[in-house]
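*Asks:* predicted structure and sequence below. I'll ask about it afterward.
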Amino acid sequence: MTSTVSAPALYDEPGPRTRRNIRIWSVVSALVILGVVVLALLQFASKGQLDGDRWAPFLDIAIWEYLGVGLVGTLQAAALTAVFGFVLGLLLALGRLSRIAPIRWLCTGYIEVARTIPVLLLIYLMLFGLPQLGLNFPVLWKLVIPLTIANSAAFAEIIRAGILALPRGQREAGLSLGMSHWQVDRKIVLPQAMRFVAPSLVVQLVSLLKDTSLGYIVAFTELLYRGQVLSAYNGLLIQTFVVVTAIFLVLNGSLSGLASRLQRRPGRRSLAAPTESAPAGLTTPNAPVDR
């Protein structure tokens with residue numbers, strides 16, 4: 001149903017000059033970051049922050065078990081937000097592309113409002129506003145619900161972009177076979193759109209995972225909150241947060257690496273241009289989906 005080419009469809013492939021500039025600025029940025037890290041290490045060393053006795057406590061398995069509980073909380077909140085946010089985002093994307101005007105207006109309004117309201121404000125609303133109305137959720141959901149509201153809008157726009165990137169011929173071919181609009185969406189449009197935007201969805205998971213650190217506001221037992229409590233107990237503020245940062249780097253780095261592999265994988269679907277191998281009538285120039 002689609003052509004298989006390597007060029008991305010959502011942006012132009014950079015030319016030789018642009019690729020050269022990207023390499024140059026990448027090297028410059030790496031050198032600047034390396035210089036900042038070296039200066040920071042020298043400053044820490046001058047203040048005794050790199051002394052072995054200040055790092056020795058982190059060889060104790062009890063500290064890692066304590067932080068591990070926070071890590072489990074972070075992953076739990078992120079997983080719940082990802083599931084509910086993706087499902088809601090999928091419905092919002094379909095609603096925003098709906099042929100029924102009230103549904104389209106309602107979904108568009110939700111997306112635009114959810115994208116503009118800070119997540120922190122939503123958390124404060126869950127923490128202080130709703131309890132005054134008699135709605136008091138468990139601590140976990142005081143974090144998950146605001147994150148779901150914010151991330152569902154981001155998921156919706158990513159999915160909508162994938163759907164709009166499909167050639168109109170994909171939908172027309174399905175309808176010409178007697179399929180209903182729902183069958184076309186479920187069997188033709190959505191499977192291709194999901195494969196197409198998979199890297200962007202994974203990148204959004206990185207942002208989502210970082211947002212779980214706001215759980216300290218509602219005293220939810222996530223990684224950053226556990227790090228704050230631990231640093232207050234052992235007095236090793238810098239060392240504790242360096243360890244917490246390293247854990248986040250590993251998690252987010254793994255997700256970013258997954259997104260890069262999905263972007264570069266052989267045979268990744270690209271719908272920017274048809275090829276001779278595509279069936280006739282199923283690859284037309286890009287156009288908005290007529291729903």
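*Replies:* Received the coordinates, thanks.
*Asks:* from what I can see Thr74 touches Lys210, true?
*Replies:* No: using Cβ atoms under 8 Å, Thr74 makes no contact with Lys210, being 9.9 Å away. The way it works is simple: take the backbone N, C-alpha and C, and place the C-beta from them, glycine included.
*Asks:* what's the nearest residue to Ile22 if we skip its chain neighbours?
*Replies:* Beyond its immediate neighbours in the sequence, the residue positioned closest to Ile22 (Cβ to Cβ, 6 or more residues apart in numbering) is Pro14, lying 6.7 Å away.
*Asks:* now the one you found: phi and psi?
*Replies:* phi -60, psi 140 (degrees, to the nearest 10).
*Asks:* what is the neighbour count of it?
*Replies:* Pro14 has 11 neighbours, counted by other Cβ atoms under 10 Å.
*Asks:* how far away is it from Arg261?
*Replies:* Distance, Pro14 to Arg261, by Cβ to Cβ, to the nearest Å: 20 Å.
*Asks:* for Ala142, identify the helix or strand it belongs to.
*Replies:* Ala isn't right for residue 142; it's Lys. According to DSSP states H and E, Lys142 maps onto helix 139-164.
*Asks:* pLDDT of that helix, averaged?
*Replies:* For helix 139-164, mean pLDDT is 93.
*Asks:* looking at Thr74 and Lys210, which is more packed in?
*Replies:* Set Thr74 next to Lys210 and count neighbours by other Cβ under 10 Å: Thr74 wins out with 25 against 15.
*Asks:* so who does the more buried one touch?
*Replies:* Leu209, Thr212, Ser213, Gly215, Glu222, Leu223, Leu224 (Cβ atoms under 8 Å, 6 or more residues apart in numbering).
*Asks:* repeat the analysis, applying 6 Å as the threshold.
*Replies:* Thr74 sits next to Thr212, Glu222, Leu223 when contact means Cβ atoms under 6 Å, 6 or more residues apart in numbering.
*Asks:* mind putting the residues you listed into JSON lines with pLDDT?
*Replies:* Output for the contacts of Thr74, formatted as JSON lines (pLDDT from 0 to 100):
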{"residue": "Thr212", "pLDDT": "91"}
{"residue": "Glu222", "pLDDT": "90"}
{"residue": "Leu223", "pLDDT": "91"}
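*Asks:* drop anything exposed from those residues.
*Replies:* Listed as buried from those are Thr212, Glu222, Leu223; burial here means 16 or more other Cβ atoms under 10 Å.
*Asks:* closest one to Leu41 out of those residues, please.
*Replies:* Checking those against Leu41 by Cβ to Cβ gives Leu223 as the nearest, at 23.7 Å.
*Asks:* who's the closest spatial neighbour of that closest one, skipping the chain neighbours?
*Replies:* Among residues not flanking Leu223 along the chain, Gly70 sits closest, at 4.1 Å (Cβ to Cβ, 6+ apart).
*Asks:* run the chain-centre distance for the longest helix seen in the chain.
*Replies:* The longest helix of the chain (DSSP state H) is helix 61-96. Its chain's C-alpha centre and that of helix 61-96 lie 11 Å apart, by Cα atoms, centre = their mean, to the nearest Å.
*Asks:* what residues sit buried inside it?
*Replies:* Residues of helix 61-96 classed as buried: 63, 67, 70-71, 73-74, 76-78, 80-82, 84-86, 88-90, 92-96 (neighbour count, 16+ other Cβ under 10 Å).
*Asks:* between that helix and helix 139-164, how big is the angle?
*Replies:* Orientation of helix 61-96 against helix 139-164 (axes from the mean of the first three to the mean of the last three Cα atoms, to 10 degrees) gives an angle of 50 degrees.
*Asks:* dump the residue contacts of the residue nearest the centre of the chain.
*Replies:* The geometric centre of the chain, computed from its C-alpha atoms, lies nearest to Gln204 (Cα atoms, centre = their mean), at 1.2 Å. Applying Cβ under 6 Å, 6+ apart to Gln204 gives the contacts Ala154.
*Asks:* same check on Gly162?
*Replies:* Ala193, Phe196, Val197.
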